[in-house]
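Novice: build the 3D model from these lines:
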Amino acid sequence: MKFVLLFGPQAVGKMTVGQQLEKITDLKLFHNHMTIDLVSPFFDYGTEKGRKLVGEFRKRIFEEVAGSDLPGLIFTYVWAFDQQGDWDYVEEVCAVFESKGADIYFAELEADTDARLLRNKSEHRLAHKPTKRNLDWSENDLLSSMEIYRLNSDEGEIKRANYTRINNTNLAAEETALRIKNTFNL
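Specialist: Residues are numbered from 1 along each chain as shown. The predicted structure is shown next:
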């Protein structure tokens, strides 16, 4: 079992890279909006009930996948490095997989703000993420979160042995996925 945590700020390309990585490996993709968009018709993710449901759905999926005979999972996540709760969450998720003997891989993406603003409006993103279709809200969220949170790690901050960081500002998703696959021999 392999667990790949694919993380970075909004619109950096996590889902799209994850889709490409899924195509070239035998791992399944679980992008974070699969649960957010499932819950959002009932409760906004920003509410206590919305966050609780998203968290519970994710936890159950992680537990079932970790205990299955699937070869592995790719999960996308926006990690606020200045928030201890995000560090704790990442450790909790990894512990679910590690308890079943899984190998853990961290792939961090970074891209220039201009590239992310363009990606935020892409047809592909909007087709797969209904809650991002309000472009005024989505763009404001992207920009304001950069002022509030630190969404990429500092050099040397990630201590995991299986870690890579890729600036994909000028890379196609296919190339980025191939780099992740080759780096970790997935």
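
Novice: next structured bit after the lowest-mean-pLDDT helix or strand in the chain?
Specialist: Least confident helix or strand of the chain, by mean pLDDT, DSSP states H and E, is helix 123-128 with a mean of 69. Under the assignment DSSP states H and E, the closest C-terminal helix or strand after helix 123-128 is helix 135-148.

Novice: contacts for the helix or strand following that following helix?
Specialist: Per DSSP H and E, the first helix or strand lying C-terminal to helix 135-148 is strand 163-167. Here strand 163-167 makes contact (CB atoms under 8 Å, 6 or more residues apart in numbering) with 105-111, 152-153, 158, 176, 179-180, 183-184. Glycine gets a C-beta too; all of them are placed from N, C-alpha and C.

Novice: do that again at 10 Å, thanks
Specialist: When contacts are defined by CB atoms under 10 Å, 6 or more residues apart in numbering, strand 163-167 is touched by residues 5, 8, 12-13, 17, 104-112, 115, 152-153, 155, 157-158, 175-177, 179-180, 182-184.

Novice: so where is this structure shaky, pLDDT-wise?
Specialist: Filtered on pLDDT under 70, the chain yields the residue ranges 122, 125-126, 128-133.

Novice: can you pull the contacts of the residue nearest the centre of it?
Specialist: Closest to where the C-alpha atoms of the chain average out (CA atoms, centre = their mean) is residue 76, at 1.6 Å. Shown in contact with residue 76 (CB under 10 Å, 6+ apart): 4-8, 12-19, 29-34, 107, 109.
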